[in-house]
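Participant: Structure, please.
(2 chains)
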There are 2 protein chains.
Amino acid sequence: MAVMDFTDFNQRLAACASDAEIVLADLLQSEALTGETARPERLISAMRHAVLGGGKRLRPFLVTETAALFGAPRDGAMLAGCALELLHCYSLVHDDLPAMDNDDLRRGKPTVHKAFDEAAAILCGDALLTLAFDVLARTQVHKDANVRIALISALARAAGVGGMAGGQMYDLAAEGRFSKKRALGESEIVTLQAMKTGALLRFACRAGAILGSADNAALDNIERYGAAVGQAFQIADDLLDVEGDPATLGKAAGKDAAAGKATLVAVLGAEGARDQLAQLIADADAALAQFGAKADTLRAAAHFIAERRT
Amino acid sequence: MAVMDFTDFNQRLAACASDAEIVLADLLQSEALTGETARPERLISAMRHAVLGGGKRLRPFLVTETAALFGAPRDGAMLAGCALELLHCYSLVHDDLPAMDNDDLRRGKPTVHKAFDEAAAILCGDALLTLAFDVLARTQVHKDANVRIALISALARAAGVGGMAGGQMYDLAAEGRFSKKRALGESEIVTLQAMKTGALLRFACRAGAILGSADNAALDNIERYGAAVGQAFQIADDLLDVEGDPATLGKAAGKDAAAGKATLVAVLGAEGARDQLAQLIADADAALAQFGAKADTLRAAAHFIAERRT
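Facilitator: Numbering: from 1, shown residues only, chains lettered A, B, ... in the order given. Modelled structure (predicted):
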């Protein structure tokens, strides 16, 4: 299957990140909106610190590229993608807290509780999560309220107790925080990661399909693609934690092993994990077969995600 | 203005709390819903601990009674009210965290981070906040997606950076956490409290009016009522912190003064605060004038909120 040139892909990804930055900065302005009283300087600053000036913006990219596949307008998809990015950033802020993963560095900058304080980081995450739903409810995302409701419902399921937040809880349990540590099997790790990081990446792809009114067959294929990409993302992340360079990563490396995190790299070994990655790219390619050349950017995205070095 | 008999009112409030408990328990069941992978036992238990078995359920009561005023069906209003209650409970869980108000007791039980642990409390709050939007997106709230979108948008504004979360940040700042403590003036305290506790109570009233497709004049009056009731609630709360009995309250008393919290009781004195309360009840009554006897329960609610002892 033909895959887009890597330089073209990287340019497309960078252009999306640049567009997303503008939208995110606008969403995080200091002026209060209708229905708001005032935006406290310290809180909105913490939110900007958490969101702006970093990240590959992979989630907005997946939303806009999937939306493009189904012919949905880019502006609405970008706004939905940025709502998802706000939610993703909230999860990083809370995940970095001392009571959670206790990280000092994120995207090469001090984490929010280091740059501000713990209370600010808690409120910052809460306010980013809330803002994500605020943004998805806006008419500019899509003129049909039923479409916005479908996005809100899918995001809430992906992010909540049965998705990302639940996955974080399984992750802490796997560290042996609440009872004697017990090594997880491969399928338990796959479930944990499908929730912790996979759910939002799957949602990113699904969101584009929802915005483009995809039929059920297409939606199923996009879900398969999203699931493969989500799992590939996590394995690549775990490989980077083992083999990556902290200077390039912008965060500490080797932390997962130190914390005894449950990863497929730990279970399968680096070589086995790389074999798994190759299989997932093949799955992602297969899921996109019905869309032909129109899906070349999404094909390239799967390769990019699996082979990334930061 | 005639006000409903207190016994009748208390029975109506208790009946609402009892109905809300059933809906909330159902929302917090262990089984995963469509779009969820699994609900981790420790996380859903923490969520149940935070939400079930306590509270006057004042917010669901205000939603259902305002909805009744406009002839909206009770079932949808109760579900919307319970979504708001989930969000309210998230705010209590995060507010009680050591880095925030550091409270050990809530509704007569250990707070979530005491009964479980800090990480569980952070994730529990995050998952409750997310679930609130999940619930508001459901068809059972109202058949018209535009109405659900209006509720989601209004709740996000009320709860986010320009509402409740922002008010909590102002509250911490007023304690002198981030710079030298400076006594707030009356109008600053009113703004802080309108955000911190007022915004959700105003939303409760607005939600009922949205569900009942109220016209703009009625919506304005309901907003005025909600604002008066919200302010009265906070003054009553602050008076209870000064004068209340911890055994009845189910939480510690005297903590606000100890923490140097900015309250109107501190600025106006207990007597001045009580005068203010009387004025707010009069405002609430005046705002309800157009609705006649149909609004008697809401009138009684204003008195109940201002005069409560727990």
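
Participant: how long is stretch A:32-49 end to end?
Facilitator: The straight-line separation of the ends of stretch A:32-49 (C-alpha to C-alpha, to the nearest Å) is 18 Å.

Participant: by contact count, what packs against the strand or helix carrying residue A:26?
Facilitator: Per DSSP states H and E: residue A:26 is located in helix A:6-27. Using 3 or more C-beta pairs under 8 Å, 6 or more residues apart in numbering or on different chains; DSSP states H and E as the contact criterion, the neighbours of helix A:6-27 among helices and strands are helix A:58-69, helix A:74-95, helix A:296-307. Just so you know, the C-beta spots here come from the backbone N, C-alpha and C atoms, and that holds for glycine as well.

Participant: So what angle separates the directions of that helix and helix A:74-95?
Facilitator: Using axes from the mean of the first three to the mean of the last three C-alpha atoms, to 10 degrees, the interaxial angle of helix A:6-27 with respect to helix A:74-95 works out to 80 degrees.

Participant: Only C-alpha atoms, please: export helix A:6-27 in CSV.
Facilitator: Listed next in CSV are the C-alpha coordinates belonging to helix A:6-27 (Å, rounded to 0.1, in the frame of the first residue of the first chain):
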residue,chain,number,x,y,z
PHE,A,6,7.5,11.4,5.1
THR,A,7,8.5,15.0,4.4
ASP,A,8,5.0,15.8,3.1
PHE,A,9,3.5,14.1,6.1
ASN,A,10,5.6,16.0,8.6
GLN,A,11,4.7,19.3,6.9
ARG,A,12,1.0,18.4,7.1
LEU,A,13,1.4,17.5,10.8
ALA,A,14,3.3,20.7,11.5
ALA,A,15,0.7,22.8,9.7
CYS,A,16,-2.1,21.3,11.8
ALA,A,17,-0.1,21.9,15.0
SER,A,18,0.4,25.5,14.0
ASP,A,19,-3.4,25.9,13.3
ALA,A,20,-4.3,24.2,16.5
GLU,A,21,-2.0,26.5,18.5
ILE,A,22,-3.9,29.5,17.2
VAL,A,23,-7.3,28.0,18.1
LEU,A,24,-6.1,26.9,21.5
ALA,A,25,-4.7,30.3,22.3
ASP,A,26,-8.0,31.8,21.4
LEU,A,27,-9.9,29.4,23.6
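
Participant: what does it rub up against?
Facilitator: Residues outside helix A:6-27 that contact it (C-beta atoms under 8 Å, 6 or more residues apart in numbering or on different chains) are A:48, A:51-53, A:55-58, A:60-61, A:64-65, A:78-79, A:81-82, A:85-86, A:131, A:135, A:297, A:300-301, A:304.

Participant: Show the average pLDDT along the helix or strand following that helix.
Facilitator: Going down the chain from helix A:6-27, the next helix or strand is helix A:41-51, by DSSP H and E. Per-region confidence: helix A:41-51 scores 98 on mean pLDDT.

Participant: Same check on stretch A:183-193?
Facilitator: Stretch A:183-193 shows an average pLDDT of 90 in the prediction.

Participant: same question, stretch A:115-122
Facilitator: Model confidence over stretch A:115-122 averages 98 on the pLDDT scale.

Participant: Also stretch A:218-228?
Facilitator: 97.

Participant: Which residue does the stretch 51-200 of chain A have closest to chain B?
Facilitator: Going by C-beta to the nearest C-beta, chain B is nearest to residue A:162 of the stretch 51-200 of chain A, at 2.4 Å.

Participant: which residues sit in contact with the nearest residue to that residue once chain neighbours are set aside?
Facilitator: Of all residues not flanking residue A:162 in the chain, residue B:36 sits nearest, at 2.4 Å (C-beta to C-beta, 6 or more residues apart in numbering or on different chains). Residue B:36 is in contact with A:157, A:160-163, A:166, counting by C-beta under 8 Å, 6+ apart.

Participant: Can you check the pLDDT for residue B:36?
Facilitator: Per-residue confidence (pLDDT) for residue B:36: 96.

Participant: one step back: can you list the buried residues in the helix holding residue A:26?
Facilitator: Burial within helix A:6-27, assessed by neighbour count using 16 or more other C-beta atoms under 10 Å in any protein chain shown, is assigned to A:9, A:12-13, A:16-17, A:19-21, A:23-24, A:27.

Participant: Before I go, just wanted to say thanks for your time.
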